[in-house]
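Q: Whatever this is, show me its structure:
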Amino acid sequence: MLEELQERVTELEIRFSHQTQLLDELNEVLTDCNRKIAQLRKDNQRLRATISGLAPSTEESPDE
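A: Below is the predicted model:
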């Protein structure tokens, strides 16, 4: 019985170790994705500013 309990504890320790490693890896991926999203937002804002600066001001036509 003691041997069975020891095996179960060892198995739980192994599972816990694998899950901890997986969580660390997922956290790295998530952090990287957040950095990329932040950079894409900045790029998007710069492009919008550039485009709006290049576009002529649009005034309503007299027909409208």
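Q: can you give me the strands in this structure?
A: For the chain, no strands are identified by DSSP state E.
Q: Show me where it has its helices.
A: Using DSSP state H, the helices of the chain run over residues 2-54.
Q: okay, and for it, where does confidence drop off?
A: Where the chain drops to pLDDT under 70, the residues are 57-62, 64.
Q: at 90 instead, please
A: Along the chain, the model assigns pLDDT under 90 to residues 55-64.
Q: Okay, the residue positioned nearest the centre of the chain and N44: tell me how far apart.
A: In the chain, the centroid-proximal residue (C-alpha atoms, centre = their mean) is C33; its distance is 3.1 Å. Distance, C33 to N44, using C-beta to C-beta, to the nearest Å: 16 Å. Quick note: C-beta positions are derived from backbone N, CA and C, even for glycine.
Q: now do V9
A: Distance, V9 to N44, by C-beta to C-beta: 52 Å.
Q: D63 now?
A: Look at D63 and N44: by C-beta to C-beta, they are 34 Å apart.
Q: Have a look at these two and say which one is more surrounded.
A: Using other C-beta atoms under 10 Å as the criterion, D63 and N44 rank with N44 on top: 10 against 4.
Q: Please export the C-alpha coordinates of stretch 3-22 as PDB.
A: Output in PDB follows, covering the C-alpha atoms of stretch 3-22 (Å, rounded to 0.1, in the frame of the first residue of the first chain):
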ATOM      1  CA  GLU A   3       4.500   1.600  -2.500                       C
ATOM      2  CA  GLU A   4       1.300   2.300  -4.400                       C
ATOM      3  CA  LEU A   5       0.900   5.600  -2.600                       C
ATOM      4  CA  GLN A   6       4.500   6.500  -3.400                       C
ATOM      5  CA  GLU A   7       3.900   5.700  -7.100                       C
ATOM      6  CA  ARG A   8       0.800   7.900  -7.100                       C
ATOM      7  CA  VAL A   9       2.700  10.800  -5.500                       C
ATOM      8  CA  THR A  10       5.500  10.400  -8.100                       C
ATOM      9  CA  GLU A  11       3.000  10.400 -10.900                       C
ATOM     10  CA  LEU A  12       1.400  13.500  -9.600                       C
ATOM     11  CA  GLU A  13       4.800  15.200  -9.200                       C
ATOM     12  CA  ILE A  14       5.600  14.400 -12.800                       C
ATOM     13  CA  ARG A  15       2.200  15.700 -14.100                       C
ATOM     14  CA  PHE A  16       2.600  18.800 -12.000                       C
ATOM     15  CA  SER A  17       6.100  19.400 -13.500                       C
ATOM     16  CA  HIS A  18       4.800  19.000 -17.000                       C
ATOM     17  CA  GLN A  19       1.900  21.300 -16.500                       C
ATOM     18  CA  THR A  20       4.200  23.900 -14.900                       C
ATOM     19  CA  GLN A  21       6.500  23.700 -18.000                       C
ATOM     20  CA  LEU A  22       3.500  24.000 -20.300                       C
END
